[in-house]
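> only the shape, not the letters, is given here:
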């Protein structure tokens with residue numbers, strides 16, 4: 001199924017305007033179909049013999065045997081047809097779904113790219129937390145009397161302070177960004 005802004009409405013408007021200009025009254029037709037007096041050149045019609053279908057923009061005269069669509073009526077009445085404005089995009093449902101999926105992917109990629117630095121910092125903080133936990137476990141195994149225990153715990157505390165400071169800064173930036 002093809003979706004587009006309906007050019008048929010503009011064609012129908014042109015068709016009806018052409019009929020009005022040449023003396024036919026399409027407003028009297030029931031549900032857009034019926035007969036009026038023929039307005040074609042060379043046919044002096046006393047009884048309605050010009051059959052019209054406004055929705056399809058078709059005509060046929062049972063008196064003179066001429067018929068066709070909007071273009072043919074314009075040619076017979078020596079008028080220049082106005083080409084209907086073609087919509088900017090004609091696409092099927094599958095094409096629409098693909099386009100929408102691509103747009104969603106682009107928005108997700110953009111969001112991911114915007115938050116990549118924050119994700120990187122979060123990963124660093126998580127790795128720091130793991131390293132601190134591992135260093136404390138090693139210090140516990142070494143015991144308080146081992147000369148390596150206290151320097152290891154000092155380094156662990158420095159890494160933990162840096163991670164906590166980064167986490168606080170990251171939270172402040174993210175809150176400001178989300179607000």
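The structure has been received and is ready for your questions. Given the structure is predicted, the values throughout are model-derived calculations rather than measurements.

> residues near residue 139, how many?
By the criterion of other CB atoms under 10 Å, residue 139 has 19 neighbours. To be clear about C-beta, it is placed using only N, CA and C from the backbone, and glycine gets the same treatment.

> which strand or helix spans it?
In the assignment (DSSP states H and E), residue 139 maps to helix 93-142.

> check which helices and strands that helix sits against.
Judged by 3 or more CB pairs under 8 Å, 6 or more residues apart in numbering; DSSP states H and E, helix 93-142 is in contact with helix 149-178.

> packing partners for the helix it packs on?
helix 93-142.

> just how off-centre is the helix it packs on within its chain?
With CA atoms, centre = their mean, to the nearest Å as the basis, helix 93-142 stands 28 Å off its chain's centre.

> where does this protein dip in pLDDT?
Under the criterion pLDDT under 70, the flagged ranges of the chain are 1-9, 81-91, 177-179.

> how much space between residue 132 and residue 170?
The gap separating residue 132 from residue 170 is 17 Å, by CB to CB, to the nearest Å.

> let me fix that: residue 145
Applying CB to CB to residue 145 and residue 170 gives a distance of 39 Å.

> of these two, who's got more company?
Neighbour totals were compared for residue 145 and residue 170, and residue 170 leads with 16 against 6 (other CB under 10 Å).

> which residues touch the nearest residue to residue 70 once chain neighbours are set aside?
Excluding its sequence neighbours, the residue lying closest to residue 70 (CB to CB, 6 or more residues apart in numbering) is residue 57, at 4.7 Å. Counting by CB atoms under 8 Å, 6 or more residues apart in numbering, residue 57 touches 8, 11, 12, 14, 15, 69, 70.

> can you add neighbour count, secondary structure and distance to residue 149 and give the residues you listed back as JSON lines?
Below are the contacts of residue 57 laid out as JSON lines (neighbours: other CB atoms under 10 Å; DSSP: H, G, I helix; E, B strand; the rest coil; distance: CB to CB, whole Å):
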{"residue": "8", "neighbour count": "13", "secondary structure": "helix", "distance to residue 149": "85"}
{"residue": "11", "neighbour count": "19", "secondary structure": "helix", "distance to residue 149": "89"}
{"residue": "12", "neighbour count": "19", "secondary structure": "helix", "distance to residue 149": "90"}
{"residue": "14", "neighbour count": "19", "secondary structure": "helix", "distance to residue 149": "92"}
{"residue": "15", "neighbour count": "25", "secondary structure": "helix", "distance to residue 149": "94"}
{"residue": "69", "neighbour count": "15", "secondary structure": "coil", "distance to residue 149": "95"}
{"residue": "70", "neighbour count": "19", "secondary structure": "helix", "distance to residue 149": "94"}
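
> many thanks, I have nothing further to ask.
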